[in-house]
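Q: Curious how this folds, go ahead:
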Amino acid sequence: MQLKKQKIGIDIRDLKIAKTGAHTYLSELCKAIKNSEQDLQFEYVFLDTRLPVYTGSSKIGKLWEQVNYIFWKQITLPIKAWLTGCSLVFCTDYFVPYMHLGFTTVPVFHDAFIWEYPNHYNKYWLGLFKTFGVSAAKKASAVVTVTSYAKDQIAKYSGIDATKIVPIHIGPKSSIAENEFGAVVDHNLEPLLSKKYILHVGTIEKRKNLTTLLKAFELLLQNNPQDLYLIIVGQKSNKPTLKDDAVFEMVAASSLLKERVIFTGFLPDFQTAELYKHAALYVFPSVNEGFGIPILEAFAHEVPVLVAGNTCLPEVAGNAAIGFDPLHAQGLGTLITQTLSDPSTLQDLKQKGTERLKHFSWNNTLDALEAVFQRSINS
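A: Numbers count the residues shown, from 1 in each chain. Now for the predicted structure:
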């Protein structure tokens, strides 16, 4: 007689709110569970709210959403988990229930930005996080994060026991990394694909350090004029403390950059994938990341990668990318020129990227998470 599998409750309310990396984490994990061909150790229960989630800009609406969020995390979610017989509740948005009704909890902390950049967050939300988020995480069986670098930073700032924090690498966004059959390229995008271009993908905000990339690109064009473009995919940050207006001001003030830098704004995944496929080089100049999923997406499309030699980025890229000082624009410009002019280096980076990518998949992430869940339940 086969023993009944224990249940893991996964909070999926955040799919209605999260963007960029946090949304990718939760959506890809759910996809891996639903599509898994492996024998999973647990039965998974997806826990969601029936109430509408407010995502607008009204202050009253945002306040009401915070009240709803607290009520969901601390009242509704634990009751639903108890009623469905969950042994563990897993939340990918930093917050887990403080109250344990016959189950244990495991949250995901994607990075330490909350402590590193407190002025980027609403003071009431920060108070909420310190009151409920950190205290509930300390009570949890384990805390999952995405890199060893993130683990060290979280332990440094949060006071959470480092032995409880488990770094588990993640995979690329499947809808970008995998070729979609029959996807039609937008007619505005198609002319870009025939150009030789450097690519960057991500929200346009200060820590992405795009001003250094622009300076490096401008110096490159001045010292070595060539038919090369820089394409930046991503929308502006909607948070006043994060958005980087200097990026657009720099381009507007430079005749060279105005002709050679293209901002696409937000693009659907299949169009972003097309830009990856045809890129000559991917440059990642960020000064702080929790993981850096675009590195894996570039590897998936055999795009050579240059990456800032800081935070978690060398951990993710390994030997498959060339590192650089993200605060030295002239050095970056020289490196871009040298890399693009050396076919053997480009080919070597492509091959190493393909090999490096084999270490990252959402099935691997799920396997590692199940090991954490089992240890948490046993303890």
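
Q: how about the residue nearest to Trp82 when sequence neighbours are not counted, secondary structure?
A: The shortest distance from Trp82 to any residue that is not its chain neighbour, by C-beta to C-beta, 6 or more residues apart in numbering, is 3.8 Å, and that residue is Leu101. From N, CA and C alone the C-beta is placed, and that goes for glycine too. In terms of secondary structure, Leu101 is coil; the call rests on DSSP: H, G, I helix; E, B strand; the rest coil.

Q: Which stretches in the stretch 1-150 of the chain count as strands?
A: Under the criterion DSSP state E, counting those that start in this stretch, the stretch 1-150 of the chain contains strands at 7-11, 43-47, 86-91, 104-107, 143-145.

Q: Okay, now the sheet partners of the second one, with direction.
A: Meaning strand 43-47. Each strand that strand 43-47 pairs with, and the sense of that pairing, follows from DSSP bridges: strand 7-11 (parallel).

Q: do the same with the longest one
A: Its sheet considered, strand 86-91 pairs with strand 7-11 (parallel), strand 104-107 (parallel) by DSSP bridges.

Q: Adding mean neighbour count and distance to Ser376 as columns, could you present those strands in a markdown table?
A: Formatted as a markdown table, the entries for these read as follows, by neighbours: other C-beta atoms under 10 Å; distance: least, C-beta to C-beta, whole Å:
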| stretch | mean neighbour count | distance to Ser376 |
| --- | --- | --- |
| strand 7-11 | 23 | 10 |
| strand 104-107 | 24 | 5 |
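
Q: Make TSV from those strands and add mean pLDDT and distance to Leu220 to it.
A: Written out in TSV, the entries for the strands paired with strand 86-91 read as follows (pLDDT from 0 to 100; distance: least, C-beta to C-beta, whole Å):
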stretch	mean pLDDT	distance to Leu220
strand 7-11	97	46
strand 104-107	98	43
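
Q: mind checking which of the ones you listed is nearest Lys31?
A: Distances from Lys31 to each of the strands paired with strand 86-91 were compared by C-beta to C-beta, and the smallest falls on strand 7-11, at 12.0 Å.

Q: which outside residues touch that closest one?
A: Contacts to strand 7-11, defined as C-beta atoms under 8 Å, 6 or more residues apart in numbering, come from residues 29-30, 33, 42-48, 73, 77, 80-81, 84-93, 103, 373.

Q: Stretch 153-170 now?
A: Contact with stretch 153-170 is made by 24-25, 28, 109, 111-112, 115-116, 134, 137-138, 140-148, 150-152, 291, 293, 316, 359-360, 362, 364-365, 368-369, 372, as judged by C-beta under 8 Å, 6+ apart.

Q: can you check stretch 309-321 too?
A: Counting by C-beta under 8 Å, 6+ apart, stretch 309-321 makes contact with 146-150, 169, 284, 286-292, 295-296, 299, 304-307, 323-326, 349, 352-353, 355-356, 359, all of which sit outside it.
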